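**Student:** My questions are about this predicted structure, shown below with the sequence.
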Amino acid sequence: MTRRVYLVVLLLCLRLMCPLAIGTFMDKLASKKLCADDDCVYTISLARAEEDYNASDCRFINIKKGQLIYVYSKLVKEKDSGEFWAGSVYGEQYEDHMGTVGYFPSSLVSEQHVYQEANKTVPTTVRNLQKP
């Protein structure tokens, strides 16, 4: 019995010393997005959340009804996909979330003000998590 305990402890120590990069690959939401610039860093519009939304995974942001959101890009809808925009929350009462950019369903917000037209079509990219 003692040998089994030592073996388990040894295996756990080896696992901690040699971590493996394990990630979950998720389906791509879209191949293209509409932005105001090539890098999608300029604000397109300001939107107000009409309903609460709880993020389904790390690509999305939580939004609360009434919350203002800066919109940076709009995904080009593809077959069998929802229509999503990328943005970050706005306002002092949401200070802990400010600066976090993520996707949210466009159907849950209404645009309050358009700052500039999203007339640049930019391909979306997938980051390779493995080391070269």
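**Tutor:** Structure's in. What do you need? Residues are numbered from 1 along each chain as shown.

**Student:** okay, CA-based contacts and neighbour counts for the rest of this
**Tutor:** Noted.

**Student:** Lowest mean pLDDT among the helices and strands of the protein, which one is it?
**Tutor:** helix 2-17 (a mean of 60; mean pLDDT, DSSP states H and E).

**Student:** who does whichever helix or strand comes after that helix pair up with?
**Tutor:** Once helix 2-17 ends, the next helix or strand along the chain (criterion: DSSP states H and E) is strand 32-35. The pairing partners recorded for strand 32-35 under DSSP bridges are strand 68-75 (antiparallel), strand 120-123 (antiparallel).

**Student:** List of residues touching strand 32-35?
**Tutor:** Contacts to strand 32-35, defined as C-alpha atoms under 8 Å, 6 or more residues apart in numbering, come from residues 42, 44, 72-76, 117-124.

**Student:** Serialize the strands paired with strand 32-35 to a markdown table and add fields for distance to N62, mean pLDDT and mean neighbour count.
**Tutor:** As requested, the strands paired with strand 32-35 are arranged in a markdown table below (distance: least, C-alpha to C-alpha, whole Å; pLDDT from 0 to 100; neighbours: other C-alpha atoms under 10 Å):
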| stretch | distance to N62 | mean pLDDT | mean neighbour count |
| --- | --- | --- | --- |
| strand 68-75 | 11 | 93 | 25 |
| strand 120-123 | 25 | 91 | 17 |
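
**Student:** which element is the residue lying closest to I69 once chain neighbours are set aside on?
**Tutor:** Using C-alpha to C-alpha, 6 or more residues apart in numbering and skipping the chain neighbours, the partner closest in space to I69 is V89 (4.3 Å). Using DSSP H and E, V89 sits in strand 84-90.

**Student:** Run through who's touching that strand.
**Tutor:** By C-alpha under 8 Å, 6+ apart, strand 84-90 touches 61, 63, 67-75, 77, 97-106.

**Student:** What of stretch 46-60?
**Tutor:** 61-71, 102-104, 108-115.
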